[in-house]
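> I'd like to go over a predicted model; first the sequence, then the structure.
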Amino acid sequence: MARFTLPRDMYYGKDALENLKNLSGKKAIVVTGGSSMRKGGFLDKVEAYLKEAGMEVKFFEGVEPDPSVETVMKGAAAMTEFQPDWIISIGGGSPIDAAKAMWAFYEYPDTTFETLCTPFSFPKLRTKARFCAIPSTSGTATEVTAFSVITDYAKGIKYPLADYEITPDVAIVDPQLVEKLPAVQVAYTGMDALTHAIEAYVSTLNSPFTDPLAVKAVEMVFDHLPLSFNGDQCSREQMHYAQCLAGQAFTNALLGIVHSMAHKTGAAFSTGHIPHGCANAIYLPYVIKYNAHEPEAMRRYADLARRVGLTGMSEKALVNALVEKIDNFNVKLGIPKTIKEFGVNEEEFLAKLPEIAFHAVGDACTGSNPRSINPEQMEKLFKCTFYGTEVDF
């Protein structure tokens, strides 16, 4: 027996934000990130719509990129003081992820972060509040997923939280929120969406329910990401929907070791943070080559390549065509081919590699990867992504 879970309601299209005025409740806390939503006038709109719905509104602003455990606890304390029956989170993946974790601590103040880090261990939510997510980037799809990523900066590790309890009740996918995204953010989030769709398609938990979502998402990314990167607003709207489709696929099929590797290296190096989408984009071609040594994974990658219009005389040729397509996208989007090219120091990389590889193998996303991997293999794979060498094992 398997499960397929999505938000109860998804609203999309220009002016979809207006659906906030149809929510029923007394108090709403709005969790958001930096200043972009405030400067763009979106927070004023959110407040007006919620007040039109008859709710008292409180803001929790300033959630940082890659939200910390400390921010989660501050937000939960603000919720405990205000007692909202709606949690509204608007912004990129970071404020929405943070709000999901805040939600759990608001409803269960005595729980611990260590408990929540165990996959699918959340207590039953919605005893105090429901959750509405409104994305302002086109990549994470956290508005439709059962996942949240929180960073423990003291340990330099990202913890992916996983439980269907934190799937939002309502998702609002309004393309007006992404019209002014910087090109570099369009690139990174778009490649994050592509990685979600491809990993979902080859995951060991793929299904007839997730496959169509994943295929359509890959088609749309291939069709629209370069145009969106260059400022075409029609393609930017389509990318906002593509990332949501990819999210619907991977929240039910789960992911693979591209994400395991990105989770464990994003905050690991003193030379600078590796943005999540950028890390995924770098690792994806190498991981496809690694996984394709497994016959069933080879077949799935080849099938995906055919479905999105790529050609080849054999399964191996089709897989190579898929990798080449991704490599070409990375070049167009200005994404480096290796983490060395990104700027990670070689000496630090080699010193930290055994620990990073160990934690990557233990990441929650590793279990649904189509080919098994051990720490020794993970070290070798990381070295390929650092030096740009061929994956031949």
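Looks like it came in fine.

> Pop out the phi and psi values for Val30.
When read as degrees, to the nearest 10, the backbone of Val30 gives phi -110, psi 120.

> ignore the last one, Tyr11
Torsion angles at Tyr11 (phi, psi; degrees, to the nearest 10) stand at phi -110, psi 140.

> burial count for it?
Counted by other Cβ atoms under 10 Å, the residues lying close to Tyr11 total 19. Any C-beta I mention is one placed from the backbone N, CA and C, and that applies to glycine too.

> how near is it to Tyr153?
Tyr11 sits 35 Å away from Tyr153 when distances are taken as Cβ to Cβ, to the nearest Å.

> same thing with Ser36?
The gap separating Ser36 from Tyr153 is 23 Å, by Cβ to Cβ.

> Name the residue in those two with the higher neighbour count.
Ser36 (18 against 13).

> Okay, that one and Pro65: tell me how far apart.
Ser36 sits 12 Å away from Pro65, going by Cβ to Cβ.

> can you give me the strands for this structure?
Defined through DSSP state E, the strands belonging to the chain, from first to last, are 9-12, 27-32, 56-60, 86-91, 130-135, 147-152, 157-162, 170-173.

> and stretch 374-392, how far out from the chain's middle?
Centroid displacement of stretch 374-392 relative to its chain, using Cα atoms, centre = their mean, to the nearest Å, is 23 Å.

> in stretch 355-366, what counts as buried?
Burial within stretch 355-366, assessed by neighbour count using 16 or more other Cβ atoms under 10 Å, is assigned to 356-357, 359-361, 363-366.

> And stretch 290-305, by the same measure?
290-292, 294, 297-305.

> And for stretch 114-131?
By 16+ other Cβ under 10 Å, the buried positions in stretch 114-131 come out as 116-117, 119, 122, 125, 129-131.

> now, which of those residues sits nearest Ser270?
Out of the buried residues of stretch 114-131, the one with the shortest distance to Ser270 is Cys117. That distance is 24.7 Å, counting by Cβ to Cβ.

> follow-up on the earlier one: how about the buried residues of stretch 355-366 in JSON lines, adding distance to Thr265?
Listed next are the buried residues of stretch 355-366 as JSON lines, based on distance: Cβ to Cβ, whole Å:
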{"residue": "Ile356", "distance to Thr265": "6"}
{"residue": "Ala357", "distance to Thr265": "10"}
{"residue": "His359", "distance to Thr265": "10"}
{"residue": "Ala360", "distance to Thr265": "8"}
{"residue": "Val361", "distance to Thr265": "13"}
{"residue": "Asp363", "distance to Thr265": "11"}
{"residue": "Ala364", "distance to Thr265": "16"}
{"residue": "Cys365", "distance to Thr265": "13"}
{"residue": "Thr366", "distance to Thr265": "14"}
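
> Relative to Glu199, which of these is nearest.
Comparing those against Glu199 with Cβ to Cβ places Cys365 closest, at 7.9 Å.

> my guess is Ala197 contacts Ala217, does it?
Yes: in terms of Cβ atoms under 8 Å, Ala197 counts as a neighbour of Ala217; the distance is 3.9 Å.

> At the geometric centre of this protein, which residue sits there?
Within the chain, the residue whose C-alpha comes closest to the C-alpha centroid is Thr140; the distance, by Cα atoms, centre = their mean, is 3.0 Å.

> Now do the contacts for it.
92-93, 96-97, 189, 192, 243, 247, 276 (Cβ atoms under 8 Å, 6 or more residues apart in numbering).

> Export these as TSV, with columns for pLDDT and neighbour count.
Formatted as TSV, the entries for these read as follows, by pLDDT from 0 to 100; neighbours: other Cβ atoms under 10 Å:
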residue	pLDDT	neighbour count
Gly92	92	26
Gly93	90	28
Ile96	97	32
Asp97	95	28
Thr189	96	30
Asp192	97	28
Gln243	98	31
Gly247	98	29
His276	91	26
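
> out of the buried residues of stretch 114-131, which are inside helices?
Taking DSSP state H as the definition of helices, the buried residues of stretch 114-131 contribute Leu116.

> Go through the buried residues of stretch 114-131 and name the one nearest Gly40.
Relative to Gly40, the closest of those is Phe131; by Cβ to Cβ it sits at 22.3 Å.

> Look up how far Val149 lies from the closest one.
16 Å.

> how does the chain divide into domains?
9-178, 183-387 (automatic domain parsing).

> Now render those domains as TSV, adding distance to Ala2.
Written out in TSV, the entries for the domains of the chain read as follows (distance: least, Cβ to Cβ, whole Å):
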stretch	distance to Ala2
domain 9-178	12
domain 183-387	6
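
> Those domains: lowest mean pLDDT?
Least confident of the domains of the chain, judged by mean pLDDT, is domain 9-178 with a mean of 94.

> distance between the ends of that one?
By Cα to Cα, to the nearest Å, the extent of domain 9-178 from end to end equals 21 Å.

> Glu172 contacts Glu18, correct?
Just to correct that, residue 172 is Ile rather than Glu. No: Ile172 is beyond contact range of Glu18, at 9.1 Å (criterion: Cβ under 8 Å).

> who's more crowded, these two?
When neighbours are counted by other Cβ under 10 Å, Ile172 and Glu18 differ, and Ile172 comes out ahead with 25 against 15.

> list the contacts for the more buried one?
By Cβ under 8 Å, 6+ apart, Ile172 lies in contact with 10-12, 16-17, 19-20, 132-134, 143.
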